[in-house]
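Peer 1: starting from these lines, generate the structure:
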Amino acid sequence: MNKFLSFLISLNSIILFAQKEHNIWYFNNGAGIDFNQNPPSLLTNGALTIGEPSTSICDINGQLLFYSNGLDIYNRQHQVMPNGAQLNGNLSSTQGALIVQKPNSTDEYFLFTNGAATWGPNGWQYNHVDMTLDNGLGDVVTKNQLISPSVTEKLCATHHSNGLDIWVLAHDSATNNFQRVLVTNAGVSPVTAVPIGSTPPFNVDNIGQMKFSASGDRIALNYQVSNVLELFDFDKTNGAITNHISLNLPINASESNYGLEFSTNGQYLYVGITNIGASVQGRIIQYDVSLLTATDILASAIEVGSFNCFMGSFQIAPDGKIYIAEYRSTGYGNPLNKIGVVNSPNSPGLNCNYSPQSFDLIGINSGPTLPNQVASYFFQAEILSDLYCLGDSTTFDLTYNTIPDSVEWDFGDPASIANNSILMNPKHLYSAPGVYNVQLISYLGAIVDTSFQTITISSMPLDLGNDTTLCGDSLILNGPNNWLSYQWSTGSDSSSA
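Peer 2: Okay, here's the model as predicted:
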């Protein structure tokens, strides 16, 4: 019998995010989360109190610039900016605030606000912030600029295909029109209407989230009373909205669908369902929205978890997880002091690892929402690799939710002839056995993402001794201890064969 051994080593890549503009969150009751370290840490010094809308923005290094609830804008010292009070948002609006950076500027931002369905809408408006003013703490130079007089509580944004400009999307409250503007270095464009999909059947259907996928090519929105979920395709170049898919969710009359979020790879959509009866019960449904028809998408539904709470807003975070505002209102039990987390949203079914009440707010009552963010900032690229034996060329690949414009690889091997590559799928011949830190920088317009992976190159092949001929006897071959995985020619995957 000829003795040989091949090892397949599975190494987990560590993903780090270079786009740190959304690394600090502030939301209800003074709570916040700092994603500049792993695991993220709780912040308790915020100025926001009760209410639904919130949004925040950092510089490229993850340092807080300002945040808002749609009524007031707070600088990094948690003080209201000059001219930053009495904005025309509403504390009862689902996504009533959203900050967008002006393209090609590190100092200018636009804060978009909208009204609330049941409290007298103020329409869709924007405010212009200049961070060079007030000694670098920022000042509101224009405010309450009307875009459209009648919109729902839904508000989301994604980058243009050029990677610089940003599309901002709202929805009309009385027609099936999406309302669309493009933020460029010239400012906020005039609004245009895109008629497609449904008119909100009831006034309170204006409530509930609308989201872009991280890749920016899909839109999902909830109509929370009529129990309808709608999906669309989005063209990031011209802003066209097409391929309307309407899902009549199979839930009962006492249930409503408020929060939703795409997985970072765009395959799955997570929807929060809340049953309000004598008690309250929330559950999370995962749908495979890569499927092509409403029938197939509905058939893919998997309940991935539940908890006795209201399921509020869902928000993807810089760590690639989905955070969920789990809360209880008056009359439905004791307030909650934690929020839920979907730890692996790109994984199917229960493998997504939903953990209710996972992130501890340490005594701060959780509220109904989390900060509204520009979806495309969560663009990701992840390293894949194979072949880790000295003398073999190690192959590298990447997975992504949007195809990068370009990449730069550093194989962590300066002693080699070619330590760098700009190919999407490069190979590298390592110079010696050892542990190497591989770096991938991916570029998508103005967005930069950096990923790292640690790999071990072994001094293979292993010597298993001389070839041996057997006749009716057996021979045990032992591989090295403590390797991650094994694959023998017999099909065995244990350390011995």
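Peer 1: in the helix or strand hosting residue 229, what's buried?
Peer 2: Per DSSP states H and E: residue 229 is located in strand 228-234. For strand 228-234, burial by neighbour count (16 or more other Cβ atoms under 10 Å) applies to 228, 229, 230, 231, 232, 234. All C-beta spots, glycine's among them, are computed from the backbone N, C-alpha and C.
Peer 1: residues in contact with that strand?
Peer 2: If you take Cβ atoms under 8 Å, 6 or more residues apart in numbering as the criterion, strand 228-234 is touched by 158, 167, 196-198, 201, 205, 212, 216-223, 240-249, 257, 260, 269, 271, 289, 297.
Peer 1: identify those among the residues you listed that sit within helices.
Peer 2: Judged by DSSP state H, the contacts of strand 228-234 include residue 297 as members of helices.
Peer 1: need the residue closest to the centroid of this structure.
Peer 2: The residue lying closest to the centre of the chain (Cα atoms, centre = their mean) is residue 316, at 3.0 Å.
Peer 1: distance of the nearest residue to it once chain neighbours are set aside from residue 274?
Peer 2: Spatially, and ignoring its direct neighbours in sequence, residue 316 is nearest to residue 378 (5.1 Å; Cβ to Cβ, 6 or more residues apart in numbering). Counting by Cβ to Cβ, to the nearest Å, the separation of residue 378 from residue 274 is 25 Å.
Peer 1: of those two, who's got more company?
Peer 2: Applying other Cβ atoms under 10 Å to residue 378 and residue 274 shows that residue 378 carries more neighbours, namely 26 against 20.
Peer 1: do I have it right that that one meets residue 213?
Peer 2: No: using Cβ atoms under 8 Å, residue 378 makes no contact with residue 213, being 9.4 Å away.
Peer 1: in the stretch 351-497 of the chain, where is pLDDT below threshold?
Peer 2: Applying pLDDT under 70 to the stretch 351-497 of the chain flags the ranges 379-382, 387, 400-402, 445-447, 460-473, 478-486, 497.
Peer 1: let me fix that: the chain
Peer 2: Residues of the chain meeting the criterion pLDDT under 70: 1-19, 117-121, 202-205, 379-382, 387, 400-402, 445-447, 460-473, 478-486, 497.
Peer 1: now do the strands in the stretch 301-450 of the chain.
Peer 2: Assignment of strands within the stretch 301-450 of the chain using DSSP state E, counting those that start in this stretch yields the ranges 302-307, 310-316, 322-327, 338-342, 354-360, 381-386, 393-400, 406-410, 420-421, 427-429, 434-444, 447-457.
Peer 1: what strands flank the second one, and is each parallel or antiparallel?
Peer 2: Pointing back at strand 310-316 there. Paired neighbours of strand 310-316 in the sheet (DSSP bridges): strand 322-327 (antiparallel).
Peer 1: roughly how far apart are the nearest residue to residue 427 once chain neighbours are set aside and residue 454?
Peer 2: What sits nearest to residue 427 in space, not counting adjacent residues and going by Cβ to Cβ, 6+ apart, is residue 393, at 4.2 Å. With distances taken as Cβ to Cβ, residue 393 is found 19 Å from residue 454.
Peer 1: could you do residue 140 as well?
Peer 2: For residue 140 relative to residue 454 (Cβ to Cβ), the value is 46 Å.
Peer 1: likewise residue 487?
Peer 2: For residue 487, the distance to residue 454 equals 22 Å [Cβ to Cβ].
Peer 1: in this structure, mark out all the helices, start to finish.
Peer 2: Ranges of helices in the chain, per DSSP H, are 294-299.
Peer 1: return the residues in contact with residue 355.
Peer 2: The contact partners of residue 355, taken as Cβ under 8 Å, 6+ apart, are 305, 340, 341, 342, 343.
Peer 1: ok, residue 317 - contacts?
Peer 2: Applying Cβ under 8 Å, 6+ apart to residue 317 gives the contacts 22, 25, 33, 35, 40, 323, 378.
Peer 1: those into JSON lines, with extra columns for distance to residue 403?
Peer 2: Listed next are the contacts of residue 317 as JSON lines, based on distance: Cβ to Cβ, whole Å:
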{"residue": "22", "distance to residue 403": "22"}
{"residue": "25", "distance to residue 403": "28"}
{"residue": "33", "distance to residue 403": "30"}
{"residue": "35", "distance to residue 403": "25"}
{"residue": "40", "distance to residue 403": "28"}
{"residue": "323", "distance to residue 403": "27"}
{"residue": "378", "distance to residue 403": "15"}
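Peer 1: just to check, residue 434 is in contact with residue 456?
Peer 2: Yes: using Cβ under 8 Å, residue 434 is in contact with residue 456, at 7.4 Å.
Peer 1: picking that back up, list only those of the contacts of strand 228-234 flagged as buried.
Peer 2: Among these, those classed as buried by 16+ other Cβ under 10 Å are 158, 167, 197-198, 205, 212, 216-223, 241, 245, 247, 249, 257, 260, 269, 271, 289, 297.
Peer 1: ramachandran angles for residue 173?
Peer 2: Dihedral pair for residue 173: phi -90, psi -10, per degrees, to the nearest 10.
Peer 1: so how far is residue 200 from it?
Peer 2: In terms of Cβ to Cβ, residue 173 sits 6 Å off from residue 200.
Peer 1: please name the bridge partners of residue 155.
Peer 2: Under the criterion used (DSSP bridges), residue 155 bridges to residue 170.
Peer 1: residues near the closest residue to residue 178 other than its chain neighbours, how many?
Peer 2: Distances taken as Cβ to Cβ, 6+ apart put residue 194 closest to residue 178, at 4.3 Å, once the chain neighbours are dropped. By the criterion of other Cβ under 10 Å, residue 194 has 19 neighbours.
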